[in-house]
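Participant: Okay, here's the prediction I keep looking at, along with the sequence it came from:
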Amino acid sequence: MTRYVLTLEDSAAFEPWREMARAALQRAIPPEAIDWRIRGGETDLFGQITDDGDGLEALTALPVVKTVTLRASCIALLRDLLCHSDPGRFALAYRIAWRVQGNPHLLEVVTDADITRARIMVRQNREDCHKMASFLRFREEPLQQGEEQDGRRRRFLAWFEPQHHILERIAPFFSRRFTDMDWVILTPRGSIRWDGKGLVCSPEPCKRPELDDGFGELWDTYYASTFNPARVRTKAMRREMPGRYWKNLPETRLIPQLVAGAEARVRTMAEQELRPAPAFHERLRAREQLPAELMPDVAENLEDLAARVRTCTACPLHCSATQAVVGEGPADARIMVVGEQPGDQEDLAGRPFVGPAGQLLHEALGEAGVDRGALYLTNAVKHFRFRLQGRRRIHQNPEAGHVAACRPWLEQEIALIRPKLIVSLGATPLRALDGPGMAMSDVRGTSWTVGRGENAVWRLALAHPSWLLRLGEGAQGDSERQRFVEGLARLRDFTDQSGS
Amino acid sequence: MKKSLSQRLAILSDAAKYDASCASSGSGRRDSAKSGGLGSTTGNGICHAFTPDGRCVSLLKILLTNFCVYDCAYCINRSSSNVERARFTPEEVVWLTLEFYRRNCIEGLFLSSGIIRSSDHTMEQLVQVARDLRLKHGFRGYIHLKTIPDASPRLLEEAGRYADRLSINVEMPTVAGLEQYAPQKKAAGIRQAMGEMRLKIDAGRERSHTGRRAERFSPGGQSTQMIVGADAASDQDILASSANLYGSYGLRRVYYSAFSPIPDASALLPAKSPPLQREHRLYQADWLFRFYGFAFGELTAGRADGMLDLELDPKLAWALDNRALFPVDLNRASKEMLLRVPGLGVKAVAAILRARRHQAVRLEDLARLNVSIRKVRPFVQTPGWSPARLTDRQDLRSLFSPAPQQMSLL
């Protein structure tokens, strides 16, 4: 079998390789028959220059025997691959390009040895980019003689030693981040220059410059102070910041002394004697000791009541809910609407009927021609009851105990507002207002009075809007919604007429 | 004598370091290519250095001041502590942030503060720093602001406009713990603030029906921190609290910070070395909740004392407690079940799902996916491999437990 020797520059340049690879694939030259070499490193394992194959000219002299296509995803992988510094990268790239011709799904077979190797190399390139973005440090260049800072862009310089040919890949990261300053990054694999208009990458190897703008001291101070001596874990540090980067990270000089002094610092903290608190602490605490005003047993107004409800711990619901949601509306409202309990949105916002069910109620009130602003809206239970499902809170009906614990608040609300009509939405407020004797199915849509004479109050029982939401938009949903609006229309009898 | 900038930097970064949150991620990508200014965010965050405590240095994490009117027992800045006090002006913080950023030392700023005078006064100062960075200096790097409970909604709104992430620390896993150790902090106030932030964050993500974006509000969401080992709360208490926080307030992260000794510590808290291993297990459990579909309750269900196993990672411990579900057939099992196999990570599972569409996955293939064969072996089944009685072995646990260590003499 004829062997071909193809030689490329030691860079990440994709096009030259692509030209050669295409020529070889078109002539069906198998991977074993090509010896990919790097210029300047044209030696074999034994340090001998072996030149026992034909060159590119001989290869291209052969007739083309087939057409070759590579998918964009494959080209992207190979392009990434060639940024690696492994001298075997050209051969691996060609082998993959060759094998893909017979097996178009090769790239998906992550357990394949070539693909695994390629992915590892690509990952290493990415890591190298990441390390460069992380550990490169700029230093400001001093003004030259006669130069003024005013209006001039500030100039910075950096030195970094990347493992792979990643400069072109990483350059846009720096120009998009440090856009308003001029800078140069020097590396043994070339340099990048930015002047606010264009990026220039050069493959010319650079030497390490002298770098110090006097700012390192402040950074050292920060680095040393942010270290917690009570949790020394140098292994974790070395895993993330391997030793080879240290020589270009000035703050790492501090590591030995920080580690050496850690134990003593912790011991000092432990052995430190208790000292009296500073004077301002005593003043602050003295101010806190002022006796709080004693609250009377019964709330005098709605604000007072709200303050009490917010501190309620009568049932366990307060442990998981965000806050108690108190009623809202005019203090002299003629109609009071009592829902079940706050939902997810109400719990977060601290206001009743602001979630999807509240939305439906508002729409229905509008259709029924009832002014929402005239109503006092509240709930039978003031805290949200839910169970967690992953990251979601699923509404749960309150139990009799929760309703009972909350009833005193509802009773005080009624006593303060003295409504002429109380509308209950759903079964929970029905139970809270009228006891367990009534079934929702019997009374839905009906009204009745409780009390006599001056104290007579009308009651109206309607469905809960969240139940309507669950029914959805089908025939039943539509008719129930209609029924709900008709029920609400009866509120007009109480809002329209003044007096009585 | 007025302290130098360097002295104050030392004091105010030392005062801020007990906050574990350091992420500069989760805020999407943006850069200065169009604005011609300074700064970008990559979406994934970048760590610019690591200190010998194994933690990364990503953001300039400082307090505006360590004067504080609160007296929280666990805190280095509590009012009863004799720690040295200092304060920065907002301009100084802006200058430090920009100069460190230009030298590529940081991804941005993490700014917190002791409570001085009132919540609004403190919050106003924090917001001023963020506002100046964004509006005066065109800074597009990362900003994480602490939210002060009870600050006015106007300030919260402004903070959300400039910050990438907002956070408020619950510090103690239980309400009782908070009452005991942080008498001036109110759990209700913290929750209310979190609820308000959640509503605003959600609203900020929505688009109107014309596709217009709502006004930006903390695109990196909100996070919080709990101190581990200062009070008597068990892992179960802590994780239950996390579950509620994630579920109720849509937090991006809950950080667990092993309580570590501080100078001039309160007598309430005996000085002992921080429970790092416990903290590590809590983070693992948190990870299993966020990315592996576990419920927190499952992880502590098999533990009588409500504490996670310190010797084994929580997933392995769970698998050993639920052996009836294993071995799992690598070529047939659902993604959900594969995620529950000890030793298989999210990436490995994705790779297995991809590879098995084309050919059967064998045990030896797993080595190429960076999977420890020794660890997964008893729990999986592939062509050519069946763990047979291995899964049922009485001493399976001992195969994974770390080798016993001789106790130190002193």
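Facilitator: Arrived safely.
Participant: Next, the contact list for the residue in chain B that chain A sits nearest to, please.
Facilitator: Closest residue of chain B to chain A, CB to the nearest CB: B:G54 (3.0 Å). The way it works is simple: take the backbone N, C-alpha and C, and place the C-beta from them, glycine included. Residues counted as contacts of B:G54 (CB atoms under 8 Å, 6 or more residues apart in numbering or on different chains) are A:231, A:233-237, A:240.
Participant: Which residue, other than its chain neighbours, is closest to it?
Facilitator: Leaving out its chain neighbours, the residue that sits closest to B:G54 by CB to CB, 6 or more residues apart in numbering or on different chains is A:A236, at 3.0 Å.
Participant: Helix, strand, or coil at that neighbour?
Facilitator: helix (DSSP: H, G, I helix; E, B strand; the rest coil).
Participant: per-residue pLDDT, the residue of the stretch 201-350 of chain A found nearest chain B?
Facilitator: When scored by CB to the nearest CB, the stretch 201-350 of chain A has A:A236 as its residue closest to chain B, at 3.0 Å. You'll see A:A236 listed with a pLDDT of 92.
Participant: Show me which residues of the lowest-mean-pLDDT helix or strand in chain B are buried.
Facilitator: Ranked by mean pLDDT, DSSP states H and E, the helix or strand of chain B with the weakest confidence is helix B:396-400, at a mean of 77. Buried residues in helix B:396-400, defined by neighbour count with 16 or more other CB atoms under 10 Å in any protein chain shown: B:396, B:400.
Participant: Contacts for it, please.
Facilitator: Contacts of helix B:396-400 (CB under 8 Å, 6+ apart): B:312, B:316, B:320, B:323, B:375, B:378, B:390, B:393.
Participant: List only those of those flagged as buried.
Facilitator: By neighbour count, with 16+ other CB under 10 Å, those hold B:312, B:316, B:320, B:375, B:378 as buried.
Participant: Torsion angles phi and psi at the last one?
Facilitator: With angles defined as degrees, to the nearest 10, B:P378 sits at phi -70, psi -10.
Participant: and it, how far is that from A:E263?
Facilitator: According to CB to CB, to the nearest Å, B:P378 stands 41 Å off from A:E263.
Participant: cool, and the third one?
Facilitator: Taking CB to CB as the measure, B:L320 and A:E263 are separated by 37 Å.
Participant: Check the fourth one too.
Facilitator: B:K375 sits 34 Å away from A:E263, going by CB to CB.
Participant: Please, where are all the helices along the stretch 351-500 of chain A?
Facilitator: Secondary structure of the stretch 351-500 of chain A (DSSP state H, counting those that start in this stretch): helices at A:356-368, A:400-417, A:427-434, A:440-443, A:465-471, A:475-489, A:492-496.
Participant: tell me the domain ranges of the chain?
Facilitator: Using chain A here. A:4-131, A:154-213, A:216-266, A:302-496 (automatic domain parsing).
Participant: Chain B is the one I meant
Facilitator: Structural domains annotated on chain B: B:5-207+B:214-264, B:322-400, as defined by automatic domain parsing.
Participant: Deepest-packed of those, please.
Facilitator: Scoring these by mean neighbour count under mean count of other CB atoms under 10 Å in any protein chain shown gives domain B:5-207+B:214-264 as the most buried, with a mean of 21.
Participant: Spell out which residues of the stretch 51-200 of chain A are next to chain B.
Facilitator: Neighbours of chain B within the stretch 51-200 of chain A, by CB under 8 Å from any CB of the partner chain: A:105, A:108-111, A:113, A:116, A:130, A:133-140, A:154, A:156, A:158, A:173, A:175-181, A:196.
Participant: Now A:A306: closest residue in space that isn't a chain neighbour?
Facilitator: Of all residues not flanking A:A306 in the chain, A:V326 sits nearest, at 4.3 Å (CB to CB, 6+ apart).
Participant: Next, that neighbour: secondary structure please.
Facilitator: On the three-state scheme (three-state DSSP), A:V326 is labelled coil.
Participant: Now it: phi and psi?
Facilitator: When read as degrees, to the nearest 10, the backbone of A:V326 gives phi -90, psi 170.
Participant: number of nearby residues for it?
Facilitator: Other residues within reach of A:V326, judged by other CB atoms under 10 Å in any protein chain shown, total 23.
Participant: pretty sure it is touching A:L305, no?
Facilitator: Yes: counting by CB atoms under 8 Å, A:L305 is a contact partner of A:V326 at 7.3 Å.
Participant: Going along the chain, name the strands of the stretch 151-300 of chain A.
Facilitator: Remark: strands assigned in the stretch 151-300 of chain A by DSSP state E, counting those that start in this stretch are A:155-159, A:182-187, A:190-194, A:199-202.
Participant: Show me what the first one is packed against.
Facilitator: Looking back up the chat, that one is strand A:155-159. Applying 3 or more CB pairs under 8 Å, 6 or more residues apart in numbering or on different chains; DSSP states H and E, one finds that strand A:155-159 makes contact with strand A:138-140, strand A:182-187.
Participant: of all these, which lies closest to A:D86?
Facilitator: For the helices and strands packed on strand A:155-159, distance to A:D86 was read as CB to CB. The smallest value, 18.2 Å, belongs to strand A:182-187.
Participant: Any chance you could list what contacts the least confident helix or strand in chain A by mean pLDDT?
Facilitator: Least confident helix or strand of chain A, by mean pLDDT, DSSP H and E, is helix A:492-496 with a mean of 80. The contact list for helix A:492-496 (CB under 8 Å, 6+ apart) reads A:334-335, A:368-371, A:374, A:420-421, A:458.
Participant: For the stretch 201-350 of chain B, what lies in contact range of chain A?
Facilitator: B:243-244, B:246-250, B:258, B:260-265, B:267, B:271, B:273-274, B:276, B:293, B:295.
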